Each structure stands twice: as C-alpha cells, then as structure tokens.
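Enquirer: Could you look at this predicted model? Sequence included:
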Amino acid sequence: MRKVHAFFWLVLWLLPPAQGYAAQTQARLVLAAEAARPGETILAAVQLRMPPHWHTYWKNAGDVGMPTTIEWTLPKGVSAGEILWPVPEKYSSDDQTQYIYNNEVFLLVPLSLAADAPNGPTELKAKVAWLECEEMGLCIPGKSEVAASLTIGPASKPSKEAAAIEAWQKRLPQRRKDIDARAIWEQPASGDSRALVIEWTKFTQADKADFFPGPSEDFLVKPAAEQLPADSGKVRLRKVVEKLSGDWPKEIAGLLVEGPDESPSACEVTLPIAGAGRTVAAVTGKKLWGMLGLAFVGGLILNIMPCVLPVIALKILGFVNQAQQSPGKVRKLGLIYTVGVLVSFGVLAGIVIGLQQAGRAASWGMQFQNPAFLIAMTILVALVAMNLFGLFEINLGGSAMGAAGELASKGGAVGAFFNGVLATVLATPCTAPFLAVALGFAFAQPPAIIMLIFLLAGLGLAAPYLILSFQPGWLRFLPRPGAWMERFKVLMGFPMLATAVWLFTLTSAHLGKSGTLWFGFFLVALAVASWIWGEFVQRGTQRQPLAVATSILLVIGFGAYVLTRAPDQIQWQPWSAAAVEKARVEGRPVFVDFTADWCVTCQANKRTSIEIPAVRAKLKEVNAVALLADYTRYDDAITAELKRYERAGVPLVLVYPKDPAAAPVVLPTVLTPSMVLEALDRAANEGNREDDRPKEVQKSASKTE
Amino acid sequence: MLMKKILLSLSAFALATAMATADAEVGKSAPDFSVKDISGKTHQLSDYKGKVVVLESYNLDCPFVANHYNSGAIQELQKETTGKGIVWLSVNSSYPDAAKAKKEFEAKKIKATALLHDPKGTIGKTYGFKTTPHMIIIDKEGVVAYNGAIDDKAVTEGDPREARNYVREAVGKLATGGNVSVARTKPYGCGVKYAN
C-alpha cells in the first residue's frame, strides 16, 4: 500500500511542472452533534486528511507555509468561535522550521447556538483554504467548500463523529490556570535580537521541552530552543527574539511543550515579559510622585556629603560678601548656578538613557568602573583641595570671577554656571541615602522619567544655594566677613583631601601596586606644580615665564614618566574562534575570559583572580595568549561558544592546554587566584600528559624548551 | 579597527557555527557575490555600486510566487523599478540547469534586470533567503535597507495589487533619499529549494 502511494507521488513529481497540481488533501466538516438545543455550544471540526509525506500548517506556520483558514457561512442564530488548534509537530529541515500536521488533523471550532436560534434542520457551510507542502518543499494551495447539517430543536443528540472529535479535543493544548511560568529578558535591549528565558514548572515527567511561539507580526521568535540548566522539576529555555518593527514585545503567547516530538504535551500560555533593562510595569502616579520627592530630598542631602560640602559651603559664604552688594545680581547668579546644576544632571540622564538605548546596563556610580574617569576625578578633587589650601587660585572661564574657594570675588555668570557643573561632578561619587532609592528606580524607567528624576535631584542639589540667593538675609547669623573665612576655606580643604584619598584608593584596583605608587607621586608633583603656579605665576611679579615653564614641565614631564611606568596589565586580545585556533597552532596555552561590564561576578573574578600580578606573571611565564570575549553587547559568536560549554551566560573562563589536541579546562564560575594559577600551570605542562614526573620538574622542563 | 573587528567576528562566526548562514542584516553592508544569469552573463554585486539593488528569491513552482507572476503584479513592479534605474535581480536556486528558468522568463514576460542561475545557493545561503518570495533591498551604498516579505498578504490567490507592497514602499523611500520605514518583516512563502 505504501509502495503504491510512493509510486503515485513519484509519478506526480515527474509530471510537467506547472501551477496545475491539484491539492490532494481532503477536507470535511464534522459536528459533534446531530441535534442540539438553542443556547448550547457544540464543537465542529474541519477534518484535513493529507496524503503521506504532505502536511498542512498550525496557526504559526513557522519559517514557511501558511496557516489553514476557515471562512464560515452560518445560519441565523449560530456563531463560530476561534479555531482551537491541536498541538502541532515541529519539523525542521535545513535551517527552516515549520509547525505542521501530518496525515490528519481536526481543527476544532466551538459553535454557539443563540437562545433564540430558530428550530429546525439547518446547513452549516465553510470555505476552507490551506497550503499543503511535501517534505521536499513542494507546496500546493488547496481550498474546499465543506458543509454539515444540524438540527436545532428541543433535544440534543451526539453524532457518530463525537468520539473522534473528543479524541482530538485531548490533543488540544491544555489551558491551566495553575501553570507556574514566566518569561524574562536575559539582557537589556541590544540591537534587533534579544534572548528571552522562559521558565516553568514541569507538568509531565519528560526531560525534553520546547516553546512553540504563537503567530506574531512585529517580532520573530527563532525556532531554536536552548534548554538551560534548571532546578529540579523546572524547565528553563532560552529563545532568541528578533524584533522586526516597533517596540520589544511586552508579552509572548505560545505553547509550553514537553515530551517527544511525535506526542508532545502542551500548555497554552500568554506570558508577560519581565525584563532586564527597560521593560517595566507601568508606574503608578503615586509611586512616581514619591520617587520624585525622594530624588529632591536626595539631591538636597548631597549638599552635605563630604565631596560637595566644601564647594557649597564656601560658595554660600560668598553671600556674606555678595549680599551686601547687589541683591539683583546675586539672584541672577543663583539662577545661573541652578541652571549649571540642572544642565549637568540633564547630561548625566542623557548618558544613562543613551547607554540603555544602546543596550548597556547603566547604573549610578558606573563611571567608577572606568579607570580614566577615576584618575581624572582624583586629579580634579586633589586640585580643588590644593586650591582650598590656598596653593593657587582658580579662574574659571577666564573672567575675573571666583571659583570654588574664592570668597571675595565678584562672580561672573560663566563662573556661576561652571560652579553648578563642578558641584554636580563632585557629587557623583556620593550617593546620598534617599538618592540611591530614587535613582535605582529611575534606571528601570522610560527615558522621560529618568530625565525627570535626575532633574529633580539636581534641583535638590541647587536648592539651598538658590533659596539663599533669594533670601540672603537668612545668613545674618554668620559672623562678619573677615580672616576667619580664610581659615574656614583651609579647613574645608581637608574633607576635600579626604575625598581625593578615597578616590585615589579606588584607582589602585586598576593601576596595580606599582601603578598606584607612581600615580601618588604624580599627584605630589601636581601639588608642587600648582604651588609654583600660585606662588610665582599668580602671586609673583618676577620671572613669571620661568615659573610657567617649570610648573608645566613638572606636570607633563612627570606625567609622561609615570605613563612609561604604566601598570603592567594583561595584554588582552579580542577573542575569536580564529584567534584561539591560531594560538593553539603555535603551541601556546590560551586563556579566555568571557566577561561583560554588567556581570558582577565577572568583574569580581577579574579583580580578585585574573587581573592580579601573580596571574600576569604566570601568563608571561607560560607564554599564554590572553583573549577577552566581551559579552557586554549581545554577540552571536560568543553566545554560540557559551552554549557549547553549557553556560547560560558569562562568566566563563577557559584555559586551553598548549597541546592543541587537548580539550580546554572550564574554570568554576567563582574564581580564586590559585584556581587560575593551577589551571595555567597544568595548561603549560599538558604537552606530555602521560608524563608522570612531578609538577616542579615538568615546569623546569617546559622552561628549557 | 572596526573593520578588523567585523572581520574577526565574521571569521569567528563562520568557524564557530556549522550552519554558517549569515543573514543579510538591515543596516549592515551586503556581502558581495558573483553569479551567472540564465543566459551566462556574470553579475557581481559590486558592479552595481551606486544603484539600488532588489534581490528576489524566485521559484515559480511555489504557489505564492506563482500568484505574483500569474497576476502580472510583480512584472509591473519590476518594470516600474527598473525604469527608475534600479537593478532587480531574481535569484533562482531550484533548477540544476538554466533552461527551465529561461523558458519561464520568456513565458511570464519577467521584467527583472536578470534572472540569476544560483543552483548551489551562493546568494541564497549568504543572504539567508528563508522563503520564496523573500525580498532584500540594497541601497546605493551597498547597505541592506530592507529584508523580508514582498507584501503584507501571505496568500496564494487574489490580486497582489491590493496588498501593501513593502518593496515598492522601500524603493520609493530610497529614491527620495529617505529612510525605509518598514525595514524588516517576516518573509512568507514556500521553503527555498536548492537544486543539489
């Protein structure tokens, strides 16, 4: 029988190619009842019987194909619901995936009879259209008009098809209220494709699981499902979602599938997508107001943080002088200072928004992971401290206005503006108590709210100054201007110096031991240069050019010298499979760090166990190539590599032995220096694995090679 | 530096994955190819630099494609676009020899610039053609500007002129120097077949 069929289809194949193939699938309309009462709902089914090796499609056809459609012509009082689709089969060939029905399918449709449906025999009609495709890819569209009769009356009576329909009902996906499932974006939005993790509590004993996405217009769910390690009794799948147009989807509908391809069990779900990054639930107005309040208070508190207090305190003291001058001008300067603060906070918010739009995780204080920023801040704060100590004066913007410490200056508009900028820049290291909550909230919000919260925090920071510029009278309790102000200025230099010391220690994580030492020496040279500048250029009258030259030379010369002594960091090269291959061919061990800026564990590993002198020395000793795979942005090649090592994500640290045939060693997720050092030792000695000589001997042997 | 990065990641990708189907991503530069058409003339993408190029995956045996050709709608679109100096390359990968495609080209009065003979899928696999018809539009700078379906009606019958034609839209935008508003859609149709 099978052979006859096969022969028949072979003949059909050989027929001259034309559009004239007739569809071979047979369509029929069957009803679960012969007779039904008004008000009842009965099940109808469009039965499609496909020839062997041909299939029709599910509601999401997959990469190719077309879902079957049913267009009803119903008598008065009868209405049809949506098609209930039995669980399809996932069929993949080449790199195309289709969700199909083989042999036969019943597409079930509930028909509701209205309470006032007229009694008597009626005929139900439908136009069915489908695409039938053969395994090799040949497709033929088919359509058929189908009909069935039903008697509406006082009694209901099942039809002889009722049993078959009931059997197909069992093949529908379950709709369970108790299903425990969730969908989460794995990373913030980045480009047009994004990994989605779907997790649920198993409803069968099967190990194999999949997710069949429902039809979607604006995005595509890639058919490949990667099963991730999960707690017992749970399933975790990673699916890649590709965005076609519009925003990222907020929810995803489809089937949670368990069991073998031939007879899977499935649950139909619509899951809201929770998200890394910008996908957030709507904010209630009340909560937003609360957060805005916190942002303002937090900004206000920034004023008394050690990094800001000196600048602000001194600036406010400036009023003691200015208030006696022109109130109008003071008010104007207060406003300009506020604008300076707000613009700076606006810029910060813009950076955060930009980073998020680019798919990078942003956080308050993230700039402190950037060594260049840390070094620049340390230098700036140290200079401000030197200034407060009176080593030199600062003239911002070229006009004769006072900056941070200049009490008696007249103060120009540009100066006031930059004072605002300076206050903001100095404020960034200090996360005041309330501000942390508000900013933490802001970072998960849409751009407009991020901006609003930042501006409110800025307003908080500017508030005391602004208020006092309008009410200088409130400063009456302060002593008259005098020599005490000069002393106060020097006093304020100390918290500033403390801030500089704190920032300085932060740089040590990046600079290493000797790098930190040399940076410290550089700061001292800078202090000397600023003193020369203040003493001989600003206050001196003679040999000014010489002093200028000396101080500039001191800074540049010493800076350049320090740079040549720059910290020896691991000479990372960008990771690629080709780079690994190349190094292995050369017989060198390879150290690969799969990492990302947003991965806290990776950064911890790097600090504690990778970017440390012992490992640097070991890498040099064993002549290893260090490759860095940066997964901060989504990357297909890295994703594939992580998958190969069955990792859900970074960190992943691999050590390839120098023997090109040996498999790489996968290091644990959380590293200690000894793990890394031992792995590197072994990698260097893997060349002769049968060798039983003790490690020490092997090491010296490999050195002499 | 960027170029080097691209090259590195490309080679890494090719090595790392067995199924190295690099799709033509919107906004990325379109990979070059050199393929003969049904009359033996060689077409190289880089020859068309400075012109908008439309790539169409073609298989007349596919009922979706057939509907576009039997209704004459796609020929009109081909005529309209090539008349504006746009290059329209139909890519046929399903026949081992060019004779059948040549017959179809005449019988259906196809108005494409050329019907490329691509039995090995040189273009199809590089560009990641998913279906027939699958349309890819490359702008004058050689950057992929559209990737997806020909229109918004995945049907095998009816008049395609009534559908929203994404290709006509995109080509129109490109001609006036504008941005393609719908740059990515899900291609519909039959699976792409390769002769061998």
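Expert: Arrived safely.

Enquirer: C-alpha only now, for contacts and for neighbours.
Expert: Noted.

Enquirer: host element of A:Val128?
Expert: strand A:120-134 (DSSP states H and E).

Enquirer: any idea how far that strand is from the chain center?
Expert: 47 Å (C-alpha atoms, centre = their mean, to the nearest Å).

Enquirer: Next up, the contacts around A:Trp657.
Expert: That one is not Trp; residue A:657 is Pro. A:588-590, A:663-665, A:680, A:682-687 (C-alpha atoms under 8 Å, 6 or more residues apart in numbering or on different chains).

Enquirer: scratch that, A:Thr201
Expert: A:179-181, A:233-235.

Enquirer: Quickly list what it is bridged to.
Expert: A:Lys234 (DSSP bridges).

Enquirer: Tell me the spacing between it and chain B.
Expert: 32 Å (C-alpha to the nearest C-alpha, to the nearest Å).

Enquirer: Tell me, how many residues neighbour residue 115?
Expert: Assuming you mean chain A. Neighbours of A:Ala115 under the rule other C-alpha atoms under 10 Å in any protein chain shown: 12.

Enquirer: that's the wrong chain, I meant chain B
Expert: 25.

Enquirer: helix/strand/coil for it?
Expert: strand (DSSP: H, G, I helix; E, B strand; the rest coil).

Enquirer: From A:Leu619, how far off is the nearest residue to A:Arg616 once chain neighbours are set aside?
Expert: Nearest non-adjacent residue to A:Arg616, counting by C-alpha to C-alpha, 6 or more residues apart in numbering or on different chains: A:Ile570, 5.8 Å away. To A:Leu619, A:Ile570 is 8 Å away according to C-alpha to C-alpha, to the nearest Å.

Enquirer: Neighbour count: these two, which is higher?
Expert: Between A:Ile570 and A:Leu619, A:Leu619 has the larger neighbour count (other C-alpha under 10 Å), namely 22 against 18.

Enquirer: That one and A:Glu611, how far apart?
Expert: 11 Å.

Enquirer: now what about the strand holding A:Val128, what contacts it?
Expert: A:23, A:25, A:27, A:50, A:53-57, A:65-75, A:139-153.

Enquirer: near chain B, from those residues?
Expert: A:65-66, A:139-141 (C-alpha under 8 Å from any C-alpha of the partner chain).

Enquirer: Pull the number of nearby residues for whichever residue of the stretch 151-300 of chain A sits closest to chain B.
Expert: At 4.9 Å from chain B, A:Leu244 is the closest residue in the stretch 151-300 of chain A, using C-alpha to the nearest C-alpha. By the measure other C-alpha under 10 Å, the count of residues near A:Leu244 is 20.

Enquirer: Run the chain-centre distance for stretch B:56-69.
Expert: 12 Å.

Enquirer: Over to stretch A:532-546?
Expert: For stretch A:532-546 - counting by C-alpha atoms, centre = their mean - the centre lies 53 Å from the chain centre.

Enquirer: Quote the end-to-end distance of it.
Expert: End to end - C-alpha to C-alpha - stretch A:532-546 spans 10 Å.

Enquirer: Contacts for that stretch next, please.
Expert: So stretch A:532-546 is contacted by A:391-393, A:547-548, A:550-551 (C-alpha under 8 Å, 6+ apart).

Enquirer: if I look at the residue nearest to the spatial centre of chain B, how far off is A:Leu677?
Expert: Centroid check for chain B by C-alpha atoms, centre = their mean gives B:Leu55 as the closest residue, at 2.1 Å. Computed as C-alpha to C-alpha, the B:Leu55 to A:Leu677 distance reads 54 Å.

Enquirer: Worst mean pLDDT across the helices and strands of chain B, which element?
Expert: Least confident helix or strand, chain B: helix B:2-16 with a mean of 39, by mean pLDDT, DSSP states H and E.

Enquirer: On the C-terminal side of it, identify the next helix or strand.
Expert: Toward the C-terminus from helix B:2-16 - assigned by DSSP H and E - lies strand B:34-36.

Enquirer: so for that next one, what's the average pLDDT?
Expert: On average, the pLDDT along strand B:34-36 is 91.

Enquirer: Show me what the helix or strand following that strand is in contact with.
Expert: Next helix or strand after strand B:34-36 toward the C-terminus (DSSP H and E): strand B:42-44. Under the contact criterion C-alpha under 8 Å, 6+ apart, strand B:42-44 has outside partners B:32-37.

Enquirer: again, only using 6 Å
Expert: Strand B:42-44 has contacts (C-alpha atoms under 6 Å, 6 or more residues apart in numbering or on different chains) with B:33-36.

Enquirer: and if you look at stretch A:70-77?
Expert: A:113-114, A:117, A:124-128.

Enquirer: top of those residues by neighbour count?
Expert: In these, the most neighbours by other C-alpha under 10 Å go to A:Leu113, 22 neighbours.

Enquirer: Of the contacts of stretch A:532-546, which is the nearest to A:Ala578?
Expert: Using C-alpha to C-alpha, A:Ser551 comes nearest to A:Ala578 of the contacts of stretch A:532-546, at 49.6 Å.

Enquirer: among the contacts of strand B:42-44, which are in reach of chain A?
Expert: By C-alpha under 6 Å from any C-alpha of the partner chain, no member of the contacts of strand B:42-44 lies near chain A.

Enquirer: Put the buried members of these into a ChimeraX selection.
Expert: In ChimeraX, this line selects whichever of the contacts of strand B:42-44 come out buried by 16 or more other C-alpha atoms under 10 Å in any protein chain shown:
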select /B:35,36
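
Enquirer: what does chain A have sitting close to chain B?
Expert: A:64-65, A:137, A:244, A:576-578, A:637.

Enquirer: returning to what we had before: out of the contacts of A:Pro657, which one has the lowest pLDDT?
Expert: Minimum confidence in the contacts of A:Pro657 sits at A:Gly687, scoring 49.

Enquirer: Quick one: end-to-end length of stretch B:141-161, please.
Expert: Taking C-alpha to C-alpha, the first and last residues of stretch B:141-161 lie 30 Å apart.

Enquirer: Stretch A:177-187 now?
Expert: 28 Å.
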